[in-house]
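> got a sequence here, can you model it:
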Amino acid sequence: MDVVETVVRYVFLGAAACFVLGLHLMNTPGTARRGNLLSGGAMAVAVAAALVLIVSRGGVTATAWIVMILGVVVGSVAGAHAARAVKMTAMPQLVSLFNAVGGGAAALLAVAHLLQETDLAHLGARITVPGGLDIVIGTVAFTGSLVAAGKLQGWITGAPVLFPGARVLTIALTLAATGGLVWLVAAPDSLSALLLLVVAAFILGVIMVLPIGGADMPVVISLLNALTGLAVALLGFVLDENLLIIAGALVGASGTILTKLMADAMNRSIVNIMLGGFGTGAGTPTAGADPGAQVRTVAADDVSIQLAYASKVIIVPGYGLAAARAQHEIATLAALLEQQGVEVSYAIHPVAGRMPGHMNVLLAEADVPYSQLKDLEEINPEFSQADVALVVGANDVTNPAARRPGTPVSGMPILDVDQARSVVVIKRSMGHGYAGIDNELYTAPQTGMLFADAKQGVTDLVAAVRALVR
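Predicted structure coming up:
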């Protein structure tokens, strides 16, 4: 090993350490930005070091130079544009596309390595086992992530897509992928085995995600992220690159932990989620709900009085707030209330929005102080002390029906919004959430419904509070 390669290996090791530290910093909102910058910077250095290593080994043709330069330029421009131009409501789709790119790249590199390796028969299982697994997992992550992005973007229906024989087809594809892997290990030079592996995994990724409804997308995104990380780690074993092993293992482990946490937050098993079908309810009242209960509507002027003269207000953001892009308006309302001496905090449910941390990122964009963002366990004991709970576009995560058995959301940890002295819900209509059931919070005696688009409703509240305290 020459001096250049030795230095590059140490750079890779330093980059891997920065990945670990960056992931640790992302554990809390206050340091997440630094963690992201540290990880991104380490990746940029690692890419530069990889280019130096390739050039130092010689034999780089003009075509190779063009490919590398185009890859760096196109990837950098596309990534920068996507990060700046994407709307916050489209962030889940972007994350899904990133998952697809990572999984697809890992699978393609494994395929290329297996095709170019001249001594596969001698290397045997040391290359073909991790390589075959990488191809299966990476391809499933690629196509599954594309389907998830399509569902989130609305290009594919967000409802579960179910068809006769879907389960049988999934089992058949799984067996085909397993058979292709065994065949590849037994016959490393077989193009037929490699083709079977790729095709089976490609279709399997699509079939796995189509039956999953929009309510489960936060968990699916986390799971696909974990699969992408695992594929990258396996590629590291194929290429004998420690940096890929470490980075992939970090993504895989963190994605797996997050998947488990998100599933627990919905009180559903990962297996149950992957079987799909959730979110197809017909909108019937929940068992135990009063079908004759009345909804009390309120106006912005009435709500402004409650807010301005409250001691403690808890804001509960949901996807409706994100869809309306009302994060800046809600931040303005909170700041206005704080000027009047009102204590304001935000209740963040783990599955609020359409991806893990969606609400945190959304509110951070509006410069909401991190100290005001409180998760479910921390905020629930405070609802009984709140004068007003202001729910903006959240539905299932506030439904008291979760406390009773026999409903689609039974056992799901919810925000105890109904414990507040007064509840105000800003919502466009009485439409249901993904669970397809009535929200009993809306007919509770202490609840007032302010029917409006989230952005317009909050804007009206800001104007009414200003006029009141002027």
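
> I'd say residue 428 and residue 452 touch.
Yes: using Cβ atoms under 8 Å, residue 428 makes contact with residue 452 at a distance of 6.9 Å. C-beta here means a position set from N, CA and C on the backbone, and glycine is covered the same way.

> how about low-confidence regions in the protein?
1, 88, 118, 120-123, 158, 214-215, 276-293, 433-435 (pLDDT under 70).

> what do you get if the cut-off is 50, keeping everything else the same?
For the chain, the stretches with pLDDT under 50 are 280-282.

> where exactly do the strands run in it?
Taking DSSP state E, the strands of the chain run over residues 312-317, 343-348, 373-375, 388-392, 422-427, 447-451.

> and these, which is most packed in?
For the strands of the chain, average neighbour numbers computed from mean count of other Cβ atoms under 10 Å are highest in strand 388-392, which has a mean of 28.

> quick one: that strand to strand 343-348, angle?
Put simply, strand 388-392 runs at 40 degrees to strand 343-348, going by axes from the mean of the first three to the mean of the last three Cα atoms, to 10 degrees.

> using CSV, list the CA coordinates for strand 388-392.
Provided in CSV are the C-alpha atoms of strand 388-392 (Å, rounded to 0.1, in the frame of the first residue of the first chain):
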residue,chain,number,x,y,z
VAL,A,388,-56.5,26.1,25.5
ALA,A,389,-55.3,23.3,23.2
LEU,A,390,-55.2,24.5,19.6
VAL,A,391,-55.3,21.6,17.1
VAL,A,392,-54.2,22.5,13.6
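
> who does that strand pair up with?
strand 312-317 (parallel), strand 422-427 (parallel) (DSSP bridges).

> for the last one, which outside residues touch it?
Spelled out, it's strand 422-427. 298, 303, 306, 320, 387-393, 395, 417, 441-442, 444, 446-452, 454, 457-458 (Cβ atoms under 8 Å, 6 or more residues apart in numbering).

> can you do 6 Å?
Strand 422-427 is contacted by residues 303, 306, 388-392, 417, 446-450, 454, 457 when judged by Cβ atoms under 6 Å, 6 or more residues apart in numbering.

> the first one too?
Among residues not part of strand 312-317, those counted as contacts by Cβ under 6 Å, 6+ apart are 307, 342-347, 359, 385-392, 394, 415, 417.

> try 7 Å
307, 330, 334, 337, 342-347, 352, 359, 363, 379, 382-383, 385-394, 398, 415, 417, 420 (Cβ atoms under 7 Å, 6 or more residues apart in numbering).

> now stretch 452-470
Stretch 452-470 is contacted by residues 300-301, 303-305, 307-308, 320-321, 324-326, 329-330, 332-333, 336-337, 340, 392-393, 426, 428, 450 when judged by Cβ under 7 Å, 6+ apart.

> now these: which count as buried?
For the contacts of stretch 452-470, a burial check counting by 16 or more other Cβ atoms under 10 Å picks out 300, 303-304, 307-308, 320-321, 324-326, 329-330, 332-333, 336-337, 392-393, 426, 450.
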